[in-house]
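Chemist: The following comprises the amino acid sequence and a computationally predicted model.
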Amino acid sequence: MPRQVVTTSLLITVAISALLSGCVTVSPERKNEVAEKLGWVTGSCLAIHNENLKIGDELTLHQVSDQEHSKTLTVISRASSSEQCVPLQKDRRFVNQLTDATFYYVNADELPELAVASIKGYSTRGIKFRACYSNQAVQFFAFKGEQQIWQGYYFVAAQVPETCRGSR
């Protein structure tokens with residue numbers, strides 16, 4: 001009987017992992033120049049599809065609204081713990097790592113609750129940033145005109161009011 005419980009639990013875990021993986025992994029088309037230049041930030045944590053950032057690299061913060069935010073972030077190190085990076089807490093680490101983003105520990109004079117960051121020197125002229133909540137997650141978007149050029153996903157592991165419908 002215990003072996004059957006273990007087998008059933010393992011099958012359920014594999015099924016859930018496959019389902020989540022299908023929902024949040026980044027397809028090769030999403031891993032592009034824009035995805036290497038834009039990431040999302042919460043507190044002292046940056047998630048970006050760029051594993052080549054170095055200590056001291058600077059990024060510019062952007063509010064997730066129509067207003068630009070010109071604060072600068074500096075990379076301190078790769079984030080490896082939940083103390084450095086809330087998205088790596090035990091209840092959300094697995095899903096957030098499914099996106100294939102690299103997590104960095106960053107600092108700024110004032111750390112944002114939620115924002116988008118661009119690598120310093122990357123032109124964001126004409127780009128509008130948005131964020132909305134859906135199904136225990138924050139979804140970030142960048143639009144150039146009507147075209148969506150980037151999307152970020154942050155699993156917060158808590159029920160949040162749905163705001164994504166019609167908000168993009």
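Modeler: Looks like it came in fine. Residues are numbered from 1 along each chain as shown.

Chemist: Strands of this protein, residue ranges please.
Modeler: Ranges of strands within the chain are 38-42, 45-48, 58-62, 72-78, 102-107, 115-119, 127-134, 137-144, 147-155, based on DSSP state E.

Chemist: got a pLDDT number for V86?
Modeler: What the model reports as pLDDT for V86 is 93.

Chemist: contacting residues for it?
Modeler: By C-beta atoms under 8 Å, 6 or more residues apart in numbering, the contact set of V86 is T42, G43, C45, R92. C-betas here are computed from N, CA, C, even on glycine.

Chemist: on that earlier part again, make a markdown table from the strands of the chain and add distance to E162 and mean pLDDT to it.
Modeler: Below are the strands of the chain laid out as a markdown table (distance: least, C-beta to C-beta, whole Å; pLDDT from 0 to 100):
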| stretch | distance to E162 | mean pLDDT |
| --- | --- | --- |
| strand 38-42 | 19 | 95 |
| strand 45-48 | 22 | 96 |
| strand 58-62 | 24 | 92 |
| strand 72-78 | 29 | 94 |
| strand 102-107 | 26 | 95 |
| strand 115-119 | 21 | 94 |
| strand 127-134 | 6 | 92 |
| strand 137-144 | 10 | 94 |
| strand 147-155 | 15 | 95 |
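
Chemist: wait, which of these is closest to C85?
Modeler: For the strands of the chain, proximity to C85 was assessed by C-beta to C-beta; strand 45-48 is nearest, at 3.6 Å.
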